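> Following is a predicted model, sequence given first.
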Amino acid sequence: MASGGRRRWRIAAIIIAAAAAAAAALVASGGGLAAYLWMSRAPAEAATPTPTPRASVTVPPLTPAEQLLADTDDPLACAVTFTGEGAPADPQLQWQGGLYQALPIPALDGRVFAGWYGTPADAAALTVAARVNGADPVLCDEQQIELFAAWRTAEENAAEGVQVPILMYHQFTANPEGESGWLRGNYAYIGDFDAHMNHIATTGFYLPTWDELSAFIDGRLSLPARSVIITDDDADQTWFDLAAPVVTKHELLATSFMVTAYRSDPPPSMYVLRRSHTHDMHQAGADGDGLMVNWTADQIAADLNVSGDTLGVREVIAYPFGHYNDTSKEGVLKAGYELARTIEPGTVRIGTDKLALPVVRIDYGMGLDALISRIG
């Protein structure tokens, strides 16, 4: 045998002898069969780790409301889910820090929608203080809220005989003695106005939005018996300086009818809606009456389109000087407006002409008692 082969044979013999000695020692120390088996395992087997099975994790799909929030990624977004008969299946996005916008008014045959409420119990009881509409700020818990639908029968709604006053203010004064001149009656004393707004804010009045008023006229929506709409004509500087802070303090929805050729200031607060008093028709025509009753329907529509584009909304107008006729109504509809307010005295009821809404005019010297005598 060559010397290299003998050397390899001796090394192998030494390894085998050492292994046998180790096995014998383990047996002698009590390792027994287990020790022998340990020694006899193949090295490859000993080196292979046993894999640990992994648990299967199932991620539930996002709800429609969660998906809306995920798509917007806006911390002020609020996903509103609607529940109840006739409620929309899809949620709606609203934004905290503002009022509710365009809440749905669902329809069911033979039924009258009675509003959205924060709890099923309030919906069943038609709790006015808990009814949610566009006069309310959006308040969400973890960016979500659920609103519950309420309904009445058409007979119940008609039997209520609800009448909605639209208050019409003009200018304001901080002088208790009022202003002088031929427009003296237009100037409401701001102390009286504050008392009016406090009464409305603290005695359970409901503030309908214009789309709600339209649905109420149609008989599609039930409004609480104590409902009122607050409006100002002309957007005079005294409205911005004196009156708007009052409606904001009392958190009352109000509408300012603006002549957009003269001014189109941003809303002074989220509680003030800007609506059209026309663009530039607050002036006399050839016969001395307002342009609204002198122009053609197309001319009226063209003016109102400018106003609507300026304000970013077409919903309701106030006729300048209260002048209107059938041609005026045609122009209003052509421009895409649904409602028009006059200066004729009265209250809005089911079936009222949407293009001839009456008002409750507020003049200088009308204190709280005068307001209560008109609206309760």
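Sure, I can see it.
> leaving aside the residues next to it on the chain, what's closest to the residue positioned nearest the centre of the chain?
Closest to where the C-alpha atoms of the chain average out (CA atoms, centre = their mean) is Tyr100, at 2.0 Å. Spatial nearest neighbour of Tyr100, chain neighbours left out: Gly134 (4.9 Å); criterion: CB to CB, 6 or more residues apart in numbering. Where C-beta positions appear, they are placed from N, C-alpha and C, glycine not excepted.
> likewise Ala158?
Counting by CB to CB, 6+ apart, Ala158 lies nearest to Ile350, which is 6.8 Å off, once chain neighbours are set aside.
> Ramachandran coordinates for that neighbour?
Main-chain dihedrals, Ile350, degrees, to the nearest 10: phi -60, psi 130.
> Would you confirm that it contacts Gly219?
Yes. Judged on CB atoms under 8 Å, Ile350 makes contact with Gly219 at a distance of 5.2 Å.
> returning to what we had before: identify the residues contacting the residue nearest to Ala158.
Taking CB atoms under 8 Å, 6 or more residues apart in numbering, we find Ile350 in contact with Asn157, Ala158, Val162, Phe216, Ile217, Asp218, Gly219.
> which residues does the last one contact?
This points to Gly219. Val112, Ala154, Asn157, Ala158, Ile350, Gly351.
> Can I take it that the first one is in a strand?
In other words, Val112. Yes. Counting by DSSP: H, G, I helix; E, B strand; the rest coil, Val112 is found in a strand.
> Just give the number of residues close to it.
24 (other CB atoms under 10 Å).
> residue ranges of the strands in the stretch 151-300 of the chain, please?
166-169, 171-173, 187-189, 229-233, 254-258, 272-276 (DSSP state E, counting those that start in this stretch).
> closest one to Gly84 among these?
Smallest distance to Gly84 across the strands of the stretch 151-300 of the chain (CB to CB): 26.3 Å, for strand 229-233.
> What angle do strand 272-276 and that closest one make with each other?
Strand 229-233 runs at 60 degrees relative to strand 272-276, counting by axes from the mean of the first three to the mean of the last three CA atoms, to 10 degrees.
> angle of strand 229-233 against strand 254-258?
Strand 229-233 and strand 254-258 are oriented at 20 degrees to each other (the same axes, to 10 degrees).
> Give the other helices and strands that strand 229-233 contacts.
strand 166-169, strand 254-258 (3 or more CB pairs under 8 Å, 6 or more residues apart in numbering; DSSP states H and E).
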